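> Would you be able to build a 3D model of this:
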Amino acid sequence: MRRATFIFWLVLAGAGFGPVLRAEAASGTAAVVGSASATMTPEAAIARLFEQPLNAALFSADFLAAIPMAEIERLVAEMRAAGGDFTGVRGTAPDLTIDLERSTVPARIVLDAEGRVAGLWLGAPAAKGGLDALAAEIAALPGRTSLLVTKGGAVEMAHEADTPLAVGSAFKLAVLAALDTAVTEGRLAWADVVAIDPAQRSLPSGILQDWPDASPVTIATLANLMISVSDNTATDLLIHRLGREAVEAQSPRNTPFLTTREAFVLKADETLSDQWASGDAKARQALLKLIEGNRLPAVEALDAVRPAVEWFMSATELCGLLERTADLPPFRIDPGPARGGPWTAVAYKGGSEPGVLNFSSRVVDADGAAHCVVVSWNDDKPLDEGRLLTLYRGLLAALAERG
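Reported below is the predicted structural model:
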């Protein structure tokens with residue numbers, strides 16, 4: 001129910017970007033050999049990021065005031081450890097692609113008048129390899145995984161695609177599908193206004209949890225926030241307005257269909273979590289009635305891995321929900337891991353919780369073919385989100401290259 005972070009490293013200082021990452025200035029002055037020059041090209045500056053030792057003279061003073069050298073060195077070392085040695089850079093500045101042995105990394109770089117790095121953005125890496133090799137790596141991850149890749153509705157690759165796994169906030173696709181049905185049937189309109197009810201207030205991710213009670217918000221805004229920033233309060237307001245049964249009709253397995261507030265309350269208490277896990281639909285309904293007035297837990301109480309209190313969907317079901325809702329406006333805001341790809345349209349929703357990770361995308365290529373790519377991963381231990389994200393972006397890159 002928290003929003004997965006899809007930026008590997010964001011550092012913007014000066015050069016019109018404006019600093020966005022706060023950091024203490026590096027103390028002292030490092031002794032350096034050589035210097036940047038006005039003839040330095042962006043491509044050469046990227047290559048020098050991977051020199052050992054990294055030269056502080058490569059960066060502008062404003063950049064280093066925002067990000068200490070030690071932090072830059074740590075991040076570059078992490079990139080090398082995950083992706084291998086630097087092998088080249090391609091593209092047209094400021095938008096470039098860094099090639100490492102095992103991955104590619106999208107980059108944006110700006111140099112100042114003296115040829116020093118003044119602005120730098122590095123996106124989430126994408127693993128190199130063909131679809132088969134990447135799928136095999138996903139299948140070999142610890143715990144349980146599922147994978148589905150389709151083109152034009154035809155299955156191209158599948159691993160446990162019909163097995164329901166916990167999917168975190170990807171369940172919000174079912175809420176969006178129920179909302180679209182209600183609007184199509186005339187029971188609701190996108191311009192309808194909902195007042196924020198404290199009884200539906202949830203925890204982050206999102207922004208509406210901080211808004212005043214009774215603030216008016218349109219249905220369209222709630223849907224946009226639910227999909228683009230995974231706003232949990234927006235989601236619960238929509239479920240309440242639609243009625244739980246309307247969402248259950250989109251995903252009957254998840255009956256009774258949890259709100260995020262209910263899930264947080266259950267997950268924070270081991271006894272309640274166990275009762276939910278062992279109960280049938282009737283017992284679970286009674287449990288939800290029991291916790292109706294419970295206060296929201298502290299965020300710190302939600303670190304435990306308790307995937308039994310969840311929304312369970314198969315990759316096939318998620319592809320179906322994406323197919324039904326892909327043309328709706330909420331998907332035009334954030335393309336998620338497909339950002340920067342050659343796609344003409346992207347519909348994305350993912351989910352991330354302790355022990356639960358999902359990435360679900362429907363992308364359309366230049367020829368008009370729609371591809372659905374869904375990956376889920378569950379384990380009873382915390383997950384390496386960056387590892388699966390790199391593999392998932394690799395799948396998208398392989399599809400883009402193949403066409």
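
> hey, let's count contacts and neighbours off CA atoms from now on
Noted.

> Surely Asp145 and Glu160 touch.
Asp isn't right for residue 145; it's Thr. Yes: judged on C-alpha atoms under 8 Å, Thr145 makes contact with Glu160 at a distance of 7.3 Å.

> Which of those two has more residues huddled nearby?
Comparing Thr145 with Glu160 by other C-alpha atoms under 10 Å, the one with more neighbours is Thr145, at 22 against 17.

> partners of the more buried one in the sheet?
Beta-bridge partners recorded for Thr145 (DSSP bridges): Trp377.

> Contacts only, for it.
Going by C-alpha atoms under 8 Å, 6 or more residues apart in numbering, Thr145 touches Ile138, Ala139, His159, Glu160, Leu165, Val375, Ser376, Trp377, Asn378.

> okay, it: pLDDT?
With respect to pLDDT, Thr145 has a value of 99.

> separation between it and His159?
8 Å (C-alpha to C-alpha, to the nearest Å).

> okay, and the common contacts of these two?
The contact lists of Thr145 and His159 share Ala139, where a contact means C-alpha under 8 Å, 6+ apart.

> what about the chain, any weak spots by pLDDT?
For the chain, the stretches with pLDDT under 70 are 1-38, 403.

> the helices in it, which residues?
42-49, 61-66, 69-83, 131-139, 172-184, 219-228, 232-242, 244-248, 260-267, 270-278, 281-290, 315-325, 385-402 (DSSP state H).

> My understanding was that Phe312 contacts Pro164; is that so?
Yes: shown here, Phe312 and Pro164 form a contact pair, counting by C-alpha under 8 Å, at 5.3 Å.

> Do I have it right that Val117 meets Ile67?
No: under the criterion of C-alpha under 8 Å, Val117 is not in contact with Ile67, lying 12.0 Å apart.

> Which of the two has more residues huddled nearby?
Val117 (29 against 21).

> Would you mind naming the residues that bridge with the more buried one?
For Val117, the beta-bridge partners are Phe59, Leu111 (DSSP bridges).

> who's in contact with it?
Contacts for Val117 were tallied using C-alpha under 8 Å, 6+ apart; they are Ala45, Leu58, Phe59, Ser60, Phe63, Ile109, Val110, Leu111.

> redo that, cut-off 6 Å
Phe59, Ser60, Leu111 (C-alpha atoms under 6 Å, 6 or more residues apart in numbering).

> What of Ala234?
Leu222, Met226.

> swap the cut-off to 7 Å and go again
Counting by C-alpha atoms under 7 Å, 6 or more residues apart in numbering, Ala234 touches Leu208, Leu222, Leu225, Met226.

> Asn232 is in contact with the third one, correct?
It refers to Leu225. No: taking C-alpha atoms under 7 Å as the definition, Leu225 is not a contact partner of Asn232, at 8.7 Å.

> who's more crowded, those two?
Using other C-alpha under 10 Å, the more surrounded residue of Leu225 and Asn232 is Asn232, with 31 against 21.

> how much space between the more buried one and Trp190?
Asn232 is 19 Å from Trp190, by C-alpha to C-alpha.

> ok, now Glu292?
28 Å.

> Between those two, tell me which one has more neighbours.
Trp190 (15 against 12).

> And the more buried one, how far from Trp343?
From Trp190 to Trp343 the distance is 27 Å (C-alpha to C-alpha).

> now swap in Phe86 and tell me
From Phe86 over to Trp343 (counting by C-alpha to C-alpha), the distance is 27 Å.

> before we move on, back to that, could you pull out the residues contacting both of Thr145 and Glu160?
With C-alpha under 7 Å, 6+ apart applied, the contact sets of Thr145 and Glu160 do not overlap.

> Could you list which residues are in contact with the spatially closest residue to Cys372 that is not a sequence neighbour?
Of all residues beyond its chain neighbours, the one nearest Cys372 is Arg362 (4.3 Å), with distances taken as C-alpha to C-alpha, 6 or more residues apart in numbering. Going by C-alpha under 7 Å, 6+ apart, Arg362 touches Leu322, Val346, Ala347, Tyr348, Ala370, His371, Cys372, Val373.

> List the contacts of the first one.
Leu322 makes contact with Arg362 under the criterion C-alpha under 7 Å, 6+ apart.

> How is the chain divided into domains?
9-123, 131-166+312-402, 168-302 (automatic domain parsing).

> hmm, back to that, want to throw the contacts of Thr145 into TSV with distance to Pro198?
Rendered in TSV, the data for these read as follows (distance: C-alpha to C-alpha, whole Å):
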residue	distance to Pro198
Ile138	41
Ala139	42
His159	42
Glu160	40
Leu165	31
Val375	34
Ser376	32
Trp377	33
Asn378	32
